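S.K.: Kindly return the folded structure for what I paste below:
(2 chains)
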Amino acid sequence: MTGVGKLIRLILRRDRVLLPLWVVILGALPATYISSFKALFPTAVARQQYADVSVHNAGFVALYGQLSGSSLGELTAWRAGFIPVMIALFTLLTVIRHTRTEEEAGRAELIGAGVVGRHAQLAAALIVAFAANAVLALIVTAAMIGQGQPGAGSLAFGLEFGAAGWAFAGVAAVTAQLTSGARAARSIAILALGVAWMLRLAGDISAIGSGALAWLSWLSPIGWVQHIFPYGGNHWWPVVLTVIFTAATAWVGVALRARRDLGAGLLPDRLGRAAAAPGLRSPFALAWRLHRGLLFGWLAGFAALGVLFGAVAQSTADLVNENASLRDVFARMGGASALVDSYFASTAGLLGLMAAGYAVQATLRLRDEETTGHAEVMLTSSVARLRWAASHLMFSLLAPAAVLATAGLLEGLTYGAISHDVGGQLGGALSGMMAQLPAAWVLAGVAVLLFGLLPRWAPVAWGALAACVLLLLVGTTLQWNQWILDVSPFTHVPHLPGGDAVATPFVVLIAVAAILTAGGLAALRRRDIPVG
Amino acid sequence: MTEAIDAEGLIKRFGPTVALDGLDLRVRTGEVHGFLGPNGAGKTTTIRILLGLMRPDGGTARLLGGDPWRDATALHRRLAYVPGDVTLWPSLSGGEVIDLLGRLRGSLDRKRRDDLLERFQLDPRKKGRTYSKGNRQKVALVAALASDVEMLMLDEPTSGLDPLMEEQFREVIRDEKRRGDRTVLLSSHILAEVEALCDRITIIRDGRAVETGTLADMRHLTRTNIQAQLVGPPDGLSTLAGVHDFRAEGDRVVFDVDTDALEPALRTLVKVGVRTLVSQPPTLEELFLRQYEGGAR
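M.R.: Residues are numbered from 1 along each chain as shown, chains lettered A, B, ... in the order given. As a prediction, this is how the structure comes out:
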């Protein structure tokens, strides 16, 4: 363990901007909900009414988890229910960035040859991740107490957030040992997070309906931390469970690290072909090779979500028929079919943001190719710059379309099969998903523009996506000014099915995406390559 | 004689750093031209400008009769490039990379490819991420050498190769020379390599070409090392114009002499009487050191 202190300082120095940014923002966010909930629901009766409607809304439960009660604290903790997933994501990215990425780049070798222990790198990354999430938990607790909330509930709330981060620091410690490439390690960890989230989602939605599959939530660390129910149940044992899980995964990571060589993975590298297949003869064929693994992964994920969302849609419709006291409320909202439509629209909004994340990821592959030196090889092999860029941009444009279509089709088919109305449901679910596409393209356009004009700043495109997520999850909850919400392209997407499918927003969004992309490509034609 | 590369007064700045400061480079068609300089002298930047990857802030460059920036794609069909730091796609095998690059350029000699793989003892089935630095370099070298092009641009191509493979590389370049129709620009900081392979060399320092010509031309600028055992005392030798670092131990003398002062120095030695004589031509190392010692000339 020699040298851990020095490595921790190195990590903190390299992450001195990013780490405090997400820790503070995500930690302070929930407390800002309080004042807006006070303004929106001034009386206990108003809160109770809101809670009664929300507690059975499958779209809400999918996104935020189960609601335990109607107090101000409970509403806030519930509405902040997607934030643990974001914390888990940032934490696992941090851990892999300082372990496997370092190893793949060869920097770990430089450090490993110095006076540092074999496990120092992993230990330092984990200690930073654990400490960052502890700080985040404290910020949540302090900010909520500052808003006049009870101490015990605020501590439980803080632990819900912190424990989510801890659990996935442990998961990342394991996946970082599995493969020799950081990209694959990252993908496996994110896949684990996605599965955990889906298990939680399926279990919770089942719980508001028949409850037959409610146990699924208990297979997921995200499910555990959400069953702490701050301010309501204040359950402590899910925290204990999560801490045990964290310790176990971290231990497995360390044990796996001890069994392998520096730079190697546990999953073996296979030999490839001695000669290229006849088809590998254009930049597009190469781009297919480079993007296909990612595409298949996203397709599988979106297919699973489509089936899941479609399968639980029935419980939304059942509510209207089973719940006599709410029947009037739902009737005013348009009855069962309108309720299912609005549920489909909210699932589409969620998957639209994810598809935009994929669009950004596929676009930034260009920058990846540039910094690794691969672009230099291509561009000196008689491949024109625009042709090279187009080979990757195909995936920024078409791949999000493919994954959204997959999710829409399967959502419509699944719910159609359950409700014996495939013809009626398929179009609605599909239109809702495809409506998101132009907004996803706008974010890809932002990434292209940055890549062409300010290549060093290209990762800022992720910031643009994070802003859109915040505007959707937080901005609408807090009812921010419309002009702020209008910054996000997703604000302009019509709510389908159910809403008006007017052409104007689609035309405008596509035009904006086209202008951003054209600007980025024009700049790319003029600039030096590579820009380090 | 036509010129494959004709660059004049190239200037390139990266922010406050001046990478190229009026660089001139002329490479004749069919020659192997050494491009010599230490790390950071501007070799890679020059090559990137010639390849149309970067645009100079000043000066002009012609490559194979075309404009490197405007005609980049057409020119690249006629040349092959091996970057200094070769990185391969982690998921592609070496063989796949070689074939892909050849097909993109539109010319790959299959027989030569297989022959080169054998000479460099390279396993084409391994994935990019599992190759060592030297093996990655071999992949790029095979891809370049197996393509039927007019010009090879090699940026420090042997920096990761072991001595045996380095010799193989020299052997292959000598073959190229015998064919006589390919122009090679070989950037290097390994002097013995340039000495062994190149017809003409350009020495670059701080973004400027400080010397250009054949090795013979350059030897005029440098000194020959003489060691001799004499019959009598070496009178007047140490004060002779053009003699440097003179040392005498008993009847042995050791000194360096400028090329144009060689004749008077030898006359003096003969007058005294010579028992044994060893003269060493200047190595490129010495030439290089002299270029760099003390900065400005």
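S.K.: and the stretch 101-250 of chain B, which residues reach chain A?
M.R.: Proximity of the stretch 101-250 of chain B to chain A (Cβ under 8 Å from any Cβ of the partner chain) is limited to residues B:101, B:103-106, B:124-127, B:129-130, B:140. Where C-beta positions appear, they are placed from N, C-alpha and C, glycine not excepted.
S.K.: Can you tell me the element A:G519 falls in?
M.R.: Per DSSP states H and E, A:G519 falls inside helix A:504-526.
S.K.: Packing partners of that helix?
M.R.: For helix A:504-526, the contact count by 3 or more Cβ pairs under 8 Å, 6 or more residues apart in numbering or on different chains; DSSP states H and E identifies helix A:385-419, helix A:437-453 as packing neighbours.
S.K.: Could you single out the most deeply buried of those?
M.R.: Mean neighbours per residue, mean count of other Cβ atoms under 10 Å in any protein chain shown, is largest over those for helix A:437-453, with a mean of 26.
S.K.: mind checking how far it is from the chain centre?
M.R.: A distance of 18 Å separates the centroid of the chain from that of helix A:437-453, by Cα atoms, centre = their mean, to the nearest Å.
S.K.: Can you classify B:R26 by secondary structure?
M.R.: Secondary structure state of B:R26, per DSSP: H, G, I helix; E, B strand; the rest coil, is strand.
S.K.: List the beta-bridge partners for it.
M.R.: B:D6 (DSSP bridges).
S.K.: contacting residues for it?
M.R.: Shown in contact with B:R26 (Cβ atoms under 8 Å, 6 or more residues apart in numbering or on different chains): B:3, B:5-7, B:212.
S.K.: out of those residues, which one sits closest to chain A?
M.R.: Taking Cβ to the nearest Cβ as the measure, chain A lies nearest B:I5 of the contacts of B:R26, at 14.9 Å.
S.K.: how much space between that closest one and B:T29?
M.R.: Note on B:I5: its distance to B:T29, by Cβ to Cβ, to the nearest Å, is 9 Å.
S.K.: Quick check: neighbours shared by the two?
M.R.: Residues touching both B:I5 and B:T29 by Cβ under 8 Å, 6+ apart: B:T183.
S.K.: so what's the residue in chain A positioned nearest to chain B closest to, chain neighbours aside?
M.R.: Of all residues in chain A, A:G272 sits closest to chain B, at 3.0 Å by Cβ to the nearest Cβ. Once flanking residues are discounted, A:G272 sits nearest to B:S93: 3.0 Å by Cβ to Cβ, 6 or more residues apart in numbering or on different chains.
S.K.: Doesn't B:F35 belong to a strand?
M.R.: Yes - assignment of B:F35 by three-state DSSP places it within a strand.
S.K.: quick one, phi/psi of B:L10?
M.R.: phi -70, psi 130 (degrees, to the nearest 10).
S.K.: How much space separates B:E96 from chain A?
M.R.: 4 Å (Cβ to the nearest Cβ, to the nearest Å).
S.K.: any idea what sits nearest that residue, other than its immediate chain neighbours?
M.R.: Nearest non-adjacent residue to B:E96, counting by Cβ to Cβ, 6+ apart: A:A276, 4.1 Å away.
S.K.: Drop anything exposed from the residues of the stretch 101-250 of chain B next to chain A.
M.R.: Listed as buried from those are B:101, B:103-105, B:124, B:126-127, B:129-130, B:140; burial here means 16 or more other Cβ atoms under 10 Å in any protein chain shown.
S.K.: Among those residues, name the ones in helices.
M.R.: Secondary structure defined by DSSP state H assigns B:101, B:103-105, B:140 of these to helices.
S.K.: Among the residues you listed, list the two that are farthest apart in space.
M.R.: Spanning the widest gap among these are B:R103 and B:A140, at 15.4 Å by Cβ to Cβ.
S.K.: Next to chain B, which bits of the stretch 1-150 of chain A? Give me the list.
M.R.: Counting by Cβ under 8 Å from any Cβ, the stretch 1-150 of chain A comes close to chain B at A:E104.
S.K.: where exactly do the helices run in the stretch 1-150 of chain A?
M.R.: Along the stretch 1-150 of chain A, counting by DSSP state H, counting those that start in this stretch, helices occupy A:4-14, A:18-40, A:44-54, A:58-64, A:72-79, A:83-97, A:100-105, A:107-112, A:120-146.
S.K.: helices and strands around the last one, which ones?
M.R.: Right, the one you point to is helix A:120-146. Counting contacts by 3+ Cβ pairs under 8 Å, 6+ apart, helix A:120-146 packs against helix A:4-14, helix A:18-40, helix A:83-97, helix A:107-112, helix A:151-178, helix A:237-259.
S.K.: If we use 10 Å, what do you get?
M.R.: Counting contacts by 3 or more Cβ pairs under 10 Å, 6 or more residues apart in numbering or on different chains; DSSP states H and E, helix A:120-146 packs against helix A:4-14, helix A:18-40, helix A:72-79, helix A:83-97, helix A:100-105, helix A:107-112, helix A:151-178, helix A:237-259.
S.K.: I'd guessed B:L185 sits against B:L50; true?
M.R.: Yes - using Cβ atoms under 10 Å, B:L185 is in contact with B:L50, at 7.9 Å.
S.K.: Next, show the common contact partners of the two.
M.R.: B:4-5, B:25, B:27, B:63, B:79, B:81, B:151, B:153 (Cβ atoms under 10 Å, 6 or more residues apart in numbering or on different chains).
S.K.: Can you show me the strands along the stretch 151-297 of chain B?
M.R.: All strands of the stretch 151-297 of chain B, identified by DSSP state E, counting those that start in this stretch, fall at B:151-155, B:183-188, B:200-205, B:208-214, B:223-230, B:243-249, B:252-258, B:274-280.
S.K.: picking up where we left off before, neighbours of the residue nearest to B:E96, just the number please.
M.R.: A:A276 has 24 neighbours, counted by other Cβ atoms under 10 Å in any protein chain shown.
S.K.: Could you report the pLDDT at B:I173?
M.R.: B:I173 is assigned a predicted lDDT (pLDDT) of 92.
S.K.: who are the neighbours in contact with the residue of the stretch 51-200 of chain B found nearest chain A?
M.R.: When scored by Cβ to the nearest Cβ, the stretch 51-200 of chain B has B:S93 as its residue closest to chain A, at 3.0 Å. Contact partners of B:S93, counting by Cβ under 10 Å, 6+ apart, are A:270-276, B:99, B:123-128, B:130-131, B:139.
S.K.: Mind naming the longest helix for chain B?
M.R.: helix B:163-179.
S.K.: A:A123 contacts A:A250, doesn't it?
M.R.: Yes - here A:A123 reaches A:A250: they are 9.2 Å apart, a contact under Cβ under 10 Å.
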